[in-house]
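Student: turn this into a model:
(2 chains)
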Amino acid sequence: AQSVAQPEDQVNVAEGNPLTVKCTYSVSGNPYLFWYVQYPNRGLQFLLKYITGDNLVKGSYGFEAEFNKSQTSFHLKKPSALVSDSALYFCAVRALNSGNTPLVFGKGTRLSVIA
Amino acid sequence: DGGITQSPKYLFRKEGQNVTLSCEQNLNHDAMYWYRQDPGQGLRLIYYSQIVNDFQKGDIAEGYSVSREKKESFPLTVTSAQKNPTAFYLCARTPLTAPGDYGYTFGSGTRLTVV
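Tutor: So this is what the prediction gives:
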């Protein structure tokens, strides 16, 4: 079975400081990993993905994520937070060789960037 | 809209009433999904479909029904058997070929409220 854990319901960070939103996963075999962002009353928007290759993945709006196979983690990071980054962030996973099984999503982490 | 449209944006249902949420995509993608979002619970899979005239139950299918009579449309009916339907409903699409490469594209959602 596939699963995703986002251990923090809420992350607060001051504008200009670095931010990290944590994600750990469990799959059989190698994972596809994704981060999505959601603004109020909107659908989810794709931020970045990891499939294979470099463990550091760069995505939209200056976000990046680091894949760590030994720790089964895929934490989302940004060097300098903006107030406009305040939103709900979701990590998602599926196994690389699972056919077309649906993505499994974490429960989300609400990021609040304070000016 | 990223090639996927959900309607209506807001929907009100009376007790004991069936309602249907629309999801239409114009990119000829094979796979479509319905998720339910509740505060603090993330996204939970209701139903998904990978080909016309075929669909599979997700984790919380009870009280819901779907159809996939044509590739571009995947409507969700919330029946009177769904005892707690108030939630935000999200539809998503992805191509079956290399679905992991693209992740999902989400619609903008329908907020359903029981009155």
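Student: buried residues in stretch A:88-105, which are they?
Tutor: For stretch A:88-105, a neighbour-count test (16 or more other Cβ atoms under 10 Å in any protein chain shown) marks A:88-95, A:102-105 as buried. Using the backbone N, CA and C atoms, a C-beta is placed for each residue, glycine as well.
Student: can you check stretch A:19-36 too?
Tutor: Under the neighbour-count criterion of 16+ other Cβ under 10 Å, stretch A:19-36 has A:19, A:21-25, A:27, A:31-36 buried.
Student: for stretch A:2-11, same thing?
Tutor: Buried residues in stretch A:2-11, counted by 16+ other Cβ under 10 Å: A:2, A:4, A:6, A:11.
Student: and it, how far out from the chain's middle?
Tutor: Centroid separation between stretch A:2-11 and its chain, computed with Cα atoms, centre = their mean, to the nearest Å, is 9 Å.
Student: which residues sit against that stretch?
Tutor: Applying Cβ atoms under 8 Å, 6 or more residues apart in numbering or on different chains, the external contacts of stretch A:2-11 come out as A:19-28, A:89-95, A:98, A:101, A:104-112, B:40, B:42.
Student: close to chain A: what parts of chain B are there?
Tutor: With Cβ under 8 Å from any Cβ of the partner chain as the criterion, chain B meets chain A at residues B:6, B:31, B:33, B:35, B:40-43, B:45, B:48, B:50, B:58, B:88, B:90, B:92, B:96, B:99-101, B:103-109, B:111.
Student: narrow these to those that are buried.
Tutor: By neighbour count, with 16+ other Cβ under 10 Å, these hold B:6, B:31, B:33, B:35, B:42-43, B:45, B:48, B:50, B:58, B:88, B:90, B:92, B:99-100, B:103-109 as buried.
Student: wait, what's in contact with B:Cys91?
Tutor: Going by Cβ under 8 Å, 6+ apart, B:Cys91 touches B:4, B:6, B:21, B:23, B:32-35, B:74, B:76, B:106-107.
Student: can we see that at 7 Å?
Tutor: By Cβ atoms under 7 Å, 6 or more residues apart in numbering or on different chains, the contact set of B:Cys91 is B:4, B:6, B:23, B:32-34, B:74, B:107.
Student: next: A:Gly16.
Tutor: By Cβ under 7 Å, 6+ apart, the contact list for A:Gly16 reads A:80-81.
Student: try it again at 6 Å.
Tutor: A:Ser80 (Cβ atoms under 6 Å, 6 or more residues apart in numbering or on different chains).
Student: ok, back up a step: among the buried ones among the residues of chain B next to chain A, which ones are in strands?
Tutor: B:6, B:31, B:33, B:35, B:42-43, B:45, B:48, B:50, B:88, B:90, B:92, B:105-106 (DSSP state E).
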